[in-house]
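**Q** quick one, structure for this:
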Amino acid sequence: MYLNILVYGRLEKPVLEDLKSRHHVKFFKDNSENTPEFRDFLSIADGIIGLSLQVNSELLDQAPNLKIVSNVSVGYNNLDVKALSERNVMATNTPGILTDTVADMAMGLILSTARRMPELDQYVKSGQWLDNLTEEHYGVDVHHKKLGIIGMGRIGQAIAKRAHFGFDMEILYHNRTRKEDAEKEYDAAYLALDELLQEADFICLITPLTKETEGMIGKREFQLMKKSAIFINVSRGKTIVETELIEALKAGEILAAGLDVFEKEPLELDNELLTLKNVVTLPHIGSSTYETELQMSKLAAVNLEAGLNGEKPPNLINAEVWN
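**A** Residues are numbered from 1 along each chain as shown. Alright, predicted model coming up:
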């Protein structure tokens with residue numbers, strides 16, 4: 001069946017070319033949704049596949065033929081699931097594939113922030129390494145420290161596995177529900193959020209962005225942390241209050257932060273985070289390895305074509321549409 005497929009933001013080339021060989025496909029870059037070309041194609045689109053397109057009632061009103069939106073990501077805070085369901089449009093995501101890749105990156109943030117690797121890399125490259133290092137340049141140990149994980153889903157547990165077995169870290173966690181398998185496997189201790197914030201040496205936030213988690217870590221939470229604590233965010237930028245993180249870092253309320261996500265992406269050049277030496281900033285690279293991105297694109301395409309062919313997609317978010 002030859003269908004109209006709108007590709008937005010990102011889809012790996014082999015998957016894009018495969019779709020083009022069998023369908024009428026148009027690719028649109030980020031922030032192109034207000035162009036006439038986008039609106040014209042949206043009006044005939046049978047399916048949307050890609051990353052970060054804000055799918056809301058306004059957009060759906062312009063897409064009368066739409067049957068499915070296939071996200072190339074695990075998170076789907078860009079989708080108004082209620083609006084999609086009201087119009088009987090399926091929504092899908094790509095869980096599972098990126099778990100280990102994101103967990104690797106989270107551990108990389110923990111290590112690079114604790115040992116100040118990006119900062120000291122620039123120290124060497126700028127020609128400042130002229131003598132032996134002093135205490136001024138020391139980092140802190142990661143091994144045998146307490147790691148507090150907020151959000152013990154697939155990725156949280158993969159981080160716990162690496163930290164516990166690889167670095168002999170003591171695992172603390174907070175989650176909506178107890179995870180007894182994680183408690184047994186990684187000797188993880190379930191704590192109330194405030195208690196975790198007070199006890200952990202490293203705090204890793206890996207929750208989805210929802211109404212309940214938006215802004216969940218702010219001034220009060222940073223003040224509960226140890227002054228020696230390092231905060232890592234690999235969830236979504238809006239799960240924290242970014243200005244209050246900046247103030248906590250400047251005031252010495254916490255030691256450092258490692259961030260892969262931000263309230264506004266790409267990060268604006270006047271953002272104070274870029275001026276702070278005790279912050280490691282990454283451009284939202286959680287799943288960004290070729291192997292993982294290709295597998296996510298492939299799964300998104302499987303979801304898309306299943307929905308378009310009248311079959312239940314393997315990763316359907318709004319099951320009520322199928323029911």
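
**Q** make it CA atoms for all contacts and neighbour counts henceforth
**A** OK.

**Q** quick check: closest non-adjacent residue to residue 129.
**A** residue 123 (6.4 Å; CA to CA, 6 or more residues apart in numbering).

**Q** so where does that neighbour fall, helix or strand?
**A** Here residue 123 is covered by helix 117-125, with elements defined by DSSP states H and E.

**Q** list the buried residues for that helix?
**A** When neighbours are counted by 16 or more other CA atoms under 10 Å, the buried residues of helix 117-125 are found to be 119-120.

**Q** same thing with stretch 84-93?
**A** 84-85, 87-93.

**Q** distance of residue 157 from residue 99?
**A** Noted for residue 157: a distance of 9 Å to residue 99, by CA to CA, to the nearest Å.

**Q** of the two, who's got more company?
**A** Neighbour count, other CA atoms under 10 Å: between residue 157 and residue 99, residue 157 has more, with 25 against 20.

**Q** confirm the more buried one sits in a strand?
**A** No: assignment of residue 157 by DSSP: H, G, I helix; E, B strand; the rest coil gives helix, placing it outside any strand.

**Q** what distance do you get for the residue of the chain positioned farthest from its centre to residue 137?
**A** Distance from the C-alpha centroid of the chain, by CA atoms, centre = their mean, peaks at residue 131 (39.9 Å). Going from residue 131 to residue 137 by CA to CA gives 12 Å.

**Q** can you report how many residues neighbour residue 233?
**A** Other residues close to residue 233 by other CA under 10 Å number 22.

**Q** so it sits against residue 256, correct?
**A** No: using CA atoms under 8 Å, residue 233 is not in contact with residue 256; the gap is 11.6 Å.

**Q** confidence score at the residue nearest to residue 120 when sequence neighbours are not counted?
**A** Of all residues not flanking residue 120 in the chain, residue 137 sits nearest, at 7.8 Å (CA to CA, 6+ apart). For residue 137, the pLDDT comes out at 93.

**Q** same deal with the one 5 residues further on?
**A** Residue 142 is assigned 98 on the pLDDT scale.

**Q** over to residue 130?
**A** On the pLDDT scale, residue 130 gets 94.

**Q** next: residue 52.
**A** The model's pLDDT for residue 52 equals 89.

**Q** from residue 74, how far off is it?
**A** For residue 52, the distance to residue 74 - CA to CA - is 11 Å.

**Q** intersection of neighbour lists for these two?
**A** Here residue 52 and residue 74 have no joint contacts, going by CA atoms under 8 Å, 6 or more residues apart in numbering.

**Q** now do the same contact list for residue 144.
**A** With CA under 8 Å, 6+ apart, residue 144 has these contacts: 167-170.

**Q** so which residues of the stretch 1-150 of the chain form helices?
**A** Under the criterion DSSP state H, counting those that start in this stretch, the stretch 1-150 of the chain contains helices at 13-22, 36-42, 57-60, 81-86, 99-114, 117-125.

**Q** most tightly surrounded among these?
**A** helix 99-114 (a mean of 21; mean count of other CA atoms under 10 Å).

**Q** just the CA trace of that helix, in CSV.
**A** Provided in CSV are the C-alpha atoms of helix 99-114 (Å, rounded to 0.1, in the frame of the first residue of the first chain):
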residue,chain,number,x,y,z
THR,A,99,18.7,1.2,27.9
ASP,A,100,22.3,0.2,28.0
THR,A,101,23.5,3.1,25.8
VAL,A,102,21.9,5.7,28.1
ALA,A,103,23.2,3.9,31.2
ASP,A,104,26.8,3.9,29.7
MET,A,105,26.5,7.6,29.1
ALA,A,106,25.1,8.3,32.6
MET,A,107,28.1,6.5,34.1
GLY,A,108,30.3,8.6,31.8
LEU,A,109,28.8,11.7,33.2
ILE,A,110,29.3,10.5,36.8
LEU,A,111,33.0,9.8,36.1
SER,A,112,33.8,12.8,34.0
THR,A,113,32.1,15.2,36.5
ALA,A,114,33.6,13.6,39.6
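
**Q** could you tell me the angle between it and helix 117-125?
**A** On the basis of axes from the mean of the first three to the mean of the last three CA atoms, to 10 degrees, helix 99-114 is oriented at 50 degrees to helix 117-125.

**Q** residue 203 touches residue 229, doesn't it?
**A** Yes: applying CA under 8 Å, one finds residue 203 in contact with residue 229, separated by 7.4 Å.

**Q** tell me who's in contact with residue 8.
**A** By CA under 8 Å, 6+ apart, the neighbours of residue 8 are 27-30, 48-53.

**Q** out of those residues, who has the most neighbours?
**A** residue 49 leads those on contacts (other CA under 10 Å) with 27 neighbours.

**Q** grab the nearest non-local neighbour of that one.
**A** Per CA to CA, 6+ apart, closest to residue 49 is residue 70, 4.6 Å.

**Q** in this structure the one you found contacts residue 46, no?
**A** No: with contact defined as CA under 8 Å, residue 70 does not reach residue 46; the gap is 11.4 Å.
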